[in-house]
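In: test case, fold it:
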Amino acid sequence: LQLVESGGGLVQPGGSMRLSCAASGFSFGYYAIGWFRQAPGKEREGVSCISLRDGSTKYADFVNGRFTISRDNAENTAYLQMNDLEPEDTAIYYCAAVNLGIIHTSYCLEVDYDAWGQGTQVTVSS
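Out: Numbering: from 1, shown residues only. Alright, predicted model coming up:
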């Protein structure tokens, strides 16, 4: 199971950025893809997750409608579209995969993930 993130970089406050997570080595089935982030000196936190089976999603409260998670099963890729970015969004962003089984998507930010990507840096600064 392998995950590769891309799309990070530098963006000004109020700007947008789209992160991609290319997945390989597993059958999507009951898997979910989650996006997490870790800022310097802070613990890793969940951002959003999506069921690859039915597309149901979950967002952290701080997203507040600014981010959209999506997936393209034909391309084995998940995306995180981030709009109205704030300096507080600066962090390394990681995607991860987990076999949810019968666990509802509403809990997908609370489970232990099976595999992680290497991370991509997102910096929001003027």
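In: grab the nearest non-local neighbour of the residue nearest the centre of the chain.
Out: Centroid-nearest residue in the chain: residue 35, 2.0 Å away (criterion: Cα atoms, centre = their mean). Setting aside the residues directly before and after it, residue 35 is nearest to residue 47 in space (Cβ to Cβ, 6 or more residues apart in numbering), at 4.3 Å. The C-beta positions use only the backbone N, C-alpha and C, and glycine is treated the same way.
In: the residue nearest to the centre of the chain and residue 48 touch, don't they?
Out: Yes. Assessed by Cβ atoms under 8 Å, residue 35 is found in contact with residue 48 at 5.1 Å.
In: overlap in contacts, these two.
Out: 69, 80 (Cβ atoms under 8 Å, 6 or more residues apart in numbering).
In: how about residue 111, what does it touch?
Out: Per Cβ under 8 Å, 6+ apart, neighbours of residue 111: 98, 100, 103.
In: against residue 18, how distant is it?
Out: 25 Å (Cβ to Cβ, to the nearest Å).
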